[in-house]
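# just a sequence and a predicted model for now, questions to come.
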Amino acid sequence: MTNPAEVDLSVCLGPVRLPNPVLVASGTFGHATEMARWVDLSRLGGIVPKTVTSRPRRGNRPQRTVETACGMLNSIGLDNEGIDYFLAHQLPQLLEVGAPVIVSVAGENQQDFVELAARVSRVDRVTAVELNISCPNVAHGVDFSTDAELCYQVVSLVRRACGKPLWVKLSPNVTDIRPVAEAAERAGADALTLINTCVGMAVDWRRRRPMLGAVTGGLSGPAIKPIALAAVYRVRQVVGLPLVGVGGIATVDDVLEFLVTGASAIQVGTANFFRPRVTMELLEQLPQVLRQVGCLRVQELIGTLQCG
């Protein structure tokens, strides 16, 4: 029997029910199993391992990361072992940790996305597929998330081939994210992940050289939280899909800001690098804070922002 004072942290994102809203973001948590010494992986609301591509990728040349005053620039370039190795060796281990697994895939073209999503969706215990159509660190990596029509095309094709719930990760590097979000919804997405990193740059003026090997990279961390919150707020006004908030989340207040603004769940990214146990801290604090405000179901707070 449930303790009447126990807080229900479970959330629903369309057909997906998660035990709690605290997930880890792709590219910031490795393949998850290497984090087991710091994190009880079974307690996470969901794990999004690093993005997988059809063929192995060596990624961009060094330097690949640079710390900034309020975050981090990265230019990894989707370094990974490829889908064959992932399905044979990495995914089976990940599926044993006890948390929902949302597999992130990135294609070089529309058919590549379709084939990747179709292969992943045939694995029974995968919870959902996240389409990374917005990585700013690879050639043509953001084409599908900066043009509403291209977004519609690729999501439509993947939707027909993918039997799993489909999350689409969008880019902030656009004039207006709303038309792209609407296109993803029309095409059959089950949820939207907002946002990927913002394009940025760091320069060593003494050497007259960029600090990243690829010159520009993706800015993440606390600096982009206001941008991510605004994206969640604006997209919430025009689509009915569940939203997953990403960007600068490191405290329980950050989590609740995203939920109140309209996200049904969040992904912790850059904070994993400097506080490996941050997700465990959030899961310990979240019920306490909710009880303090008299809320016993986290679902009750989602989208309750008042702007008038």
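That came in fine, so what should we check first?
# only C-alpha atoms for contact and neighbour calcs from this point on.
Will do.
# can I get the helix or strand bottoming out on mean pLDDT in the chain in PDB? Just the C-alpha atoms.
Here the helix or strand of the chain ranked lowest by mean pLDDT, DSSP states H and E is helix 143-146, holding a mean of 84. C-alpha atoms of helix 143-146 as PDB (Å, rounded to 0.1, in the frame of the first residue of the first chain):
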ATOM      1  CA  ASP A 143      19.800  20.700 -41.900                       C
ATOM      2  CA  PHE A 144      16.800  18.800 -40.800                       C
ATOM      3  CA  SER A 145      16.100  20.900 -37.700                       C
ATOM      4  CA  THR A 146      16.500  24.400 -39.200                       C
END
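# helices and strands around that helix, which ones?
Packing partners of helix 143-146 (3 or more C-alpha pairs under 8 Å, 6 or more residues apart in numbering; DSSP states H and E): helix 148-161.
# just after the helix it packs on, pick out the following helix or strand.
As assigned by DSSP states H and E, the chain's next helix or strand after helix 148-161 is strand 166-170.
# just to revisit the earlier point, contacting residues around the least confident helix or strand of the chain?
The contact list for helix 143-146, computed with C-alpha atoms under 8 Å, 6 or more residues apart in numbering, reads 133, 134, 150, 151, 154, 170, 171, 173, 174, 180.
# grab the nearest non-local neighbour of the last one.
The shortest distance from residue 180 to any residue other than its chain neighbours is 4.3 Å, reached at residue 148 (C-alpha to C-alpha, 6 or more residues apart in numbering).
# contacting residues around the one you found?
Here residue 148 is in contact with 179, 180, 181, 183, 184 (criterion: C-alpha under 8 Å, 6+ apart).
# closest one of those to residue 252?
Of all the contacts of residue 148, residue 252 sits closest to residue 181, with 26.8 Å by C-alpha to C-alpha.
# how close does that closest one sit to residue 232?
Plainly put, residue 181 is 10 Å away from residue 232 if you go by C-alpha to C-alpha, to the nearest Å.
# just residue 163 next, same as before
Applying C-alpha to C-alpha, the value for residue 163 to residue 232 is 26 Å.
# quick one: buried ones out of the contacts of helix 143-146?
When the contacts of helix 143-146 are checked for burial by 16 or more other C-alpha atoms under 10 Å, the buried set is 133, 134, 150, 151, 154, 170, 171, 173, 180.
# flag the least confident of these.
Confidence by pLDDT is poorest for residue 134 among the buried ones among the contacts of helix 143-146, given 88.
# that one contacts residue 177, correct?
No - counting by C-alpha atoms under 8 Å, residue 134 stays clear of residue 177, with 11.7 Å between them.
# quick one: contacts for residue 23?
Going by C-alpha under 8 Å, 6+ apart, residue 23 touches 44, 45, 46, 47, 48, 265, 266, 267, 268, 279.
# closest one of those to residue 94?
Of the contacts of residue 23, the one sitting nearest to residue 94 (C-alpha to C-alpha) turns out to be residue 47, at 8.8 Å.
# the closest one and residue 32 touch, don't they?
Yes - between residue 47 and residue 32 there is a contact at 7.3 Å, judged by C-alpha under 8 Å.
# between those two, point out the one with more neighbours.
Using other C-alpha atoms under 10 Å, the more surrounded residue of residue 47 and residue 32 is residue 47, with 28 against 20.
# which ones are touching that one?
Applying C-alpha under 8 Å, 6+ apart, the residues contacting residue 47 are 23, 24, 25, 26, 32, 99, 100, 101, 102.
# this completes my enquiry, with thanks.
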